[in-house]
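>>> Prediction below, plus the sequence it came from.
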Amino acid sequence: GNSVTQMEGPVTLSEEAFLTINCTYTATGYPSLFWYVQYPGEGLQLLLKATKADDKGSNKGFEATYRKETTSFHLEKGSVQVSDSAVYFCALSDPGTGNQFYFGTGTSLTVIP
Amino acid sequence: ETGVTQTPRHLVMGMTNKKSLKCEQHLGHNAMYWYKQSAKKPLELMFVYNFKEQTENNSVPSRFSPECPNSSHLFLHLHTLQPEDSALYLCASSQGILVATDTQYFGPGTRLTVL
């Protein structure tokens, strides 16, 4: 079946530190991969996505590369800011299962000044 | 501004109450979704509607009853809930369900507490 596994949080970093949040997936078909971010008191917002192997999604300094060989889609940012504090969700959409979305459990990030 | 609104934002209800959650999308999308978000668990897909027709019901108890009168509005009717139903209920929409690359757009959620 389909599933998404994220590293457990919470993650606490100092401002300007390097961020990596690991995400691996299992899918029956050729999924699209997404990172969503949820700020306190808000719904999920799309951060970036990649629709095929070796694609790199990027937005607001965040990047993730679709790695089919390792079934991974790790999120990275070179220098985090306090405003990046949020919960980050990795997700996949698999055409093999009617394009249903599968989300990870979320990783909470806190950036301290 | 996500284009998807939900009301109410917070709801407290007793186990014998009947209440409804409302979702409205202003994006011209054809598909709408209800999710349940509980602490430490992945988002759980509850229902999917495509062009007002329900296409997915992920074994959701009958005390949750969805309604989709048109492609812009989605309701979740609640009746005889249990305390374990307390969670954040998220509505989302997308262009359709036929393309895996479609992005889902989420509302801010309704924080439900069942006493």
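Received, thanks. Numbers count the residues shown, from 1 in each chain, chains lettered A, B, ... in the order given.
>>> The residue lying closest to residue A:105 once chain neighbours are set aside: what secondary structure?
In this structure, residue A:105 finds its nearest non-sequential neighbour in residue B:42, 5.1 Å apart by CB to CB, 6 or more residues apart in numbering or on different chains. Every C-beta, even on glycine, is put in place using the N, C-alpha and C of the backbone. Using DSSP: H, G, I helix; E, B strand; the rest coil, the structure places residue B:42 in coil.
>>> and residue B:42, how far is that from residue A:31?
To residue A:31, residue B:42 is 15 Å away according to CB to CB, to the nearest Å.
>>> where's residue A:49, which helix or strand?
Per DSSP states H and E: residue A:49 is located in strand A:44-50.
>>> Which positions in that strand come out as buried?
The neighbour-count check on strand A:44-50 (16 or more other CB atoms under 10 Å in any protein chain shown) flags A:44, A:46-50 as buried.
>>> Ok, stretch B:57-70 next?
Within stretch B:57-70, the residues that qualify as buried are B:60, B:64, B:66, B:68, counting by 16+ other CB under 10 Å.
>>> ok, residues contacting that stretch?
For stretch B:57-70, contacts defined as CB atoms under 8 Å, 6 or more residues apart in numbering or on different chains pick out B:32, B:34, B:44-47, B:49, B:52-54, B:74-82, B:85.
>>> Among those, name the ones that also lie close to chain A.
Near chain A, taking CB under 8 Å from any CB of the partner chain as the test, the members of those found are residue B:45.
>>> Just the buried residues out of the contacts of stretch B:57-70, in ChimeraX syntax.
What follows is the ChimeraX syntax for the buried subset of the contacts of stretch B:57-70, where burial is set by 16+ other CB under 10 Å:
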select /B:32,34,45,46,47,49,74,75,76,78,81,85
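>>> Okay, and which of the contacts of stretch B:57-70 map to strands?
Among the contacts of stretch B:57-70, the members falling in strands are B:32, B:34, B:44-47, B:49, B:53-54, B:74-79 (criterion: DSSP state E).
>>> Which single one of the residues you listed is nearest to residue A:58?
Residue A:58 lies nearest to residue B:45 out of the ones in strands among the contacts of stretch B:57-70, by CB to CB, at 27.2 Å.
>>> what residues are up against the closest one?
A:100-101, B:33-35, B:56, B:58.
>>> Output the below-cut-off pLDDT ranges for the chain.
Let's take chain A. A:97-99 (pLDDT under 70).
>>> was after chain B, sorry
Counting by pLDDT under 70, the ranges of chain B that qualify are B:1-2, B:98-101.
>>> For chain A, give me its nearest residue in it.
Residue nearest to chain A within chain B: residue B:106 (3.7 Å; CB to the nearest CB).
>>> burial of residue 31, as a residue count?
Picked chain A for this. Residues lying near residue A:31 (other CB atoms under 10 Å in any protein chain shown) number 30.
>>> let's do chain B instead
22.
>>> same thing with the one 4 residues further on?
Each residue near residue B:35 was counted by other CB under 10 Å, and the total is 25.
>>> try residue B:55
13.
>>> Repeat that for residue A:112.
11.
>>> Looking at chain A, which strand is longest?
Across chain A, the longest stretch assigned as strand under DSSP E is strand A:86-94.
>>> Contacts (any at all) between chain B and that one?
Yes. Strand A:86-94 comes into contact with chain B (CB under 8 Å from any CB), by way of A:89, A:93-94.
>>> Okay, strands next: where are they in chain A?
Under DSSP E, chain A gives strands at A:3-6, A:11-14, A:19-21, A:23-26, A:32-38, A:44-50, A:56-59, A:62-65, A:75-77, A:86-94, A:100-103, A:107-112.
>>> Alright, calling it a day.
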